[in-house]
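Visitor: kindly generate the corresponding structure for this input.
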Amino acid sequence: MTAFNTLDDLEDVAGQRALVRVDLNVPMDGLRVADTTRLEAAVPTIKALSDMGAKVLLLSHFGRPEGTRNPDMSLEMIQGPLARLIGHKVLFFADCVGADTERQIAEMAPGDVAILENTRFHPGETKNADHLADAIAGLGDFFVNDAFSAAHRAHVSTVGLAERLPAYAGRALEAELTALEKALGSPEHPVAAVVGGAKVSTKLAVLENLVGKVDHLIIGGGMANTFLAERGVDVGKSLCEHDLVGTVARIAEAADMAGCTIHLPYDVMVAKEFAANPESLRTCNVHEVAADEMILDIGPAAVEALGDVLKTCKTLVWNGPLGAFETPPFDKATVALAQTAAALTQEGSLVSVAGGGDTVAALNHAGVGGDFSFVSTAGGAFLEWMEGKELPGVAALAK
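Guide: Model (predicted):
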């Protein structure tokens, strides 16, 4: 694992200017923050730096303004909600560079917290442009990255600042990297991975990386249908990427070579139409799917067998649901296996790490979001980590 400095390595920063990359890109319902998860994740780092007497300058993107000022994507909307979470006043500065911003920072008292305007209002942010990195770096004395969700982007606010200032990982990023190291970096074996989702094509790199690292690969969602088709199963009118059967065969071969067992469902829930609680719903063996039926979830016998697999494992990585979990009753397999994983985690026999937007929603739906060892809210960064890629924002923090 990359060695990096954390907030514990900071000494006497009272009065110093801390440029802190956080993730304030939260879902909105009109002018109201619809989900404060990402804001809550930033609070421990903000409070720690404020308590140390630093001037805390928060940097974040919001939406995709494509390098132009867009009032609908101003971070000013986040000022009130963040202040309520940290329990004291938060300032807002209308730009993240320039003489006005410099003057406002100079007037801050030690311990003050300010949000600087959306970094993506500047076209140089996403290009990691030197002129913008120099300008923003000039406003701070040191840099803290606390946004794992943006760590797969080589932007000014993730990489450029880390290259110009003493750089540290914030509390949320430190927790994330520690959990990920336990899950795939140097995990305790046996390791299981649950990979779900609609299409194999979106998770090819993940599957290719995992077969060499895990002992058990559990495949769900529409992806499982493509794997079943590769084994000669007729999946009816299920979602299936028949053109990827050759690729799936290569993944299966690589798994065999590496001693990784791929688990596919042998019983499934099928229906003739994709709707909530359809009349045509039935559970059958995978070899009994009719030509006019589609597979929409894993069946109860397979879920029980997968639960038994998890009971033999020490580590679990989870990304993606097992079935069409947003539509009942096709959430049953995801809920049942998630509850098994949560129970094993709570009794101390399993380290469980999950991530990705759908996955977080599925675990919360199952009522176990808080019972896994670690749940990452990052989407793209979590997937790229599962693919075995180096994340630029993390690499830039290397000592």
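Visitor: what segments of the stretch 201-350 of the chain are helices?
Guide: 204-210, 221-230, 245-258, 300-311, 332-346 (DSSP state H, counting those that start in this stretch).
Visitor: which strands and helices lie in contact with the shortest one?
Guide: The elements that helix 204-210 packs onto, with contact taken as 3 or more Cβ pairs under 8 Å, 6 or more residues apart in numbering; DSSP states H and E, are strand 191-195, helix 245-258, helix 380-386. Glycine gets a C-beta too; all of them are placed from N, C-alpha and C.
Visitor: about what we covered before: who wins for proximity to residue 54 among the helices of the stretch 201-350 of the chain?
Guide: When the helices of the stretch 201-350 of the chain are compared by Cβ to Cβ, helix 332-346 sits nearest residue 54, at 35.6 Å.
Visitor: how close does the closest residue to residue 354 other than its chain neighbours sit to residue 306?
Guide: Sequence neighbours aside, residue 318 is the residue nearest to residue 354 in space, at 4.0 Å (criterion: Cβ to Cβ, 6 or more residues apart in numbering). Residue 318 is 12 Å from residue 306, where distance means Cβ to Cβ, to the nearest Å.
Visitor: so between the two, which is more surrounded?
Guide: Neighbours were counted for residue 318 and for residue 306 using other Cβ atoms under 10 Å; residue 318 has more, 27 against 24.
Visitor: for that one, what are its contacts?
Guide: 193-194, 338, 341, 352-355, 359, 363, 372 (Cβ atoms under 8 Å, 6 or more residues apart in numbering).
Visitor: may I see the buried residues of stretch 386-399?
Guide: By 16 or more other Cβ atoms under 10 Å, the buried positions in stretch 386-399 come out as 386-387, 391-394, 396-397.
Visitor: for residue 205, see how far away residue 173 is.
Guide: Distance, residue 173 to residue 205, by Cβ to Cβ: 23 Å.
Visitor: these two: who's more crowded?
Guide: In this view residue 173 and residue 205 are compared by other Cβ under 10 Å, and residue 173 has more residues nearby, 27 against 14.
Visitor: low pLDDT regions in the chain?
Guide: Within the chain, the ranges that satisfy pLDDT under 70 run 1-2, 399.
Visitor: nearest spatial neighbour of the residue nearest to the spatial centre of it, chain-adjacent residues omitted?
Guide: With distances taken as Cα atoms, centre = their mean, residue 378 lies nearest the centre of the chain, 2.2 Å away. Computed as Cβ to Cβ, 6+ apart, the closest residue to residue 378 that is not its neighbour in sequence is residue 149, at 3.9 Å.
Visitor: ok, residue 268 next?
Guide: Leaving aside its sequence neighbours, residue 268 is closest to residue 295 (4.6 Å, by Cβ to Cβ, 6+ apart).
Visitor: ok, residue 140 next?
Guide: Nearest to residue 140 is residue 19, by Cβ to Cβ, 6+ apart, at 3.6 Å.
Visitor: confirm that neighbour sits in a helix?
Guide: No: counting by DSSP: H, G, I helix; E, B strand; the rest coil, residue 19 is not part of a helix but strand.
Visitor: adjust the sequence numbering to begin at 28 for everything that follows.
Guide: In the new count, where the first residue is 28, that last one comes out as residue 46.
Visitor: show me the contacts for it.
Guide: Counted by Cβ under 8 Å, 6+ apart, residue 46 has contacts 84, 86, 163-164, 166-167, 169-171, 188, 192.
Visitor: can you rerun that using 10 Å?
Guide: Contact partners of residue 46, counting by Cβ atoms under 10 Å, 6 or more residues apart in numbering, are 82-86, 123, 143, 163-164, 166-172, 184, 188-189, 191-192, 194.
Visitor: ok, now residue 203?
Guide: Residue 203 makes contact with 68, 173-176, 178, 196-197, 380, 382, 401, 403-405, 408-409, 412, 421, according to Cβ under 10 Å, 6+ apart.
Visitor: same check on residue 140?
Guide: Applying Cβ under 10 Å, 6+ apart, we find residue 140 in contact with 45, 47, 73-74, 76-77, 81-85, 106, 109-110, 113, 115-118.
Visitor: give me the buried subset of these.
Guide: So, by 16+ other Cβ under 10 Å, the buried ones in the contacts of residue 140 are 45, 47, 73-74, 76-77, 81-85, 106, 109-110, 113, 117-118.
Visitor: so what's the residue count around residue 185?
Guide: 27.
Visitor: kindly provide the distance from it to residue 51.
Guide: Note on residue 185: its distance to residue 51, by Cβ to Cβ, is 14 Å.
Visitor: and residue 346, by the same measure?
Guide: Distance, residue 346 to residue 51, by Cβ to Cβ: 24 Å.
Visitor: likewise for residue 222?
Guide: Taking Cβ to Cβ as the measure, residue 222 and residue 51 are separated by 30 Å.
Visitor: same question, residue 211
Guide: 28 Å.
Visitor: residue 145 now?
Guide: In terms of Cβ to Cβ, residue 145 sits 9 Å off from residue 51.
Visitor: so residue 65, which state does it fall into?
Guide: Residue 65 is classified as helix under three-state DSSP.
Visitor: that one: neighbouring residues, count only.
Guide: 21.
Visitor: does it touch residue 55 like I think?
Guide: No: under the criterion of Cβ atoms under 10 Å, residue 65 is not in contact with residue 55, lying 11.9 Å apart.
Visitor: show me whatever sits in contact with both of those two.
Guide: Listed as contacting both residue 65 and residue 55 by Cβ under 10 Å, 6+ apart are residue 105.
Visitor: count of residues packed around residue 330?
Guide: Residue 330 is flanked by 23 other residues according to other Cβ under 10 Å.
Visitor: mind listing what it touches?
Guide: Counted by Cβ under 10 Å, 6+ apart, residue 330 has contacts 247, 292, 294, 324, 349-350, 359-364, 367.
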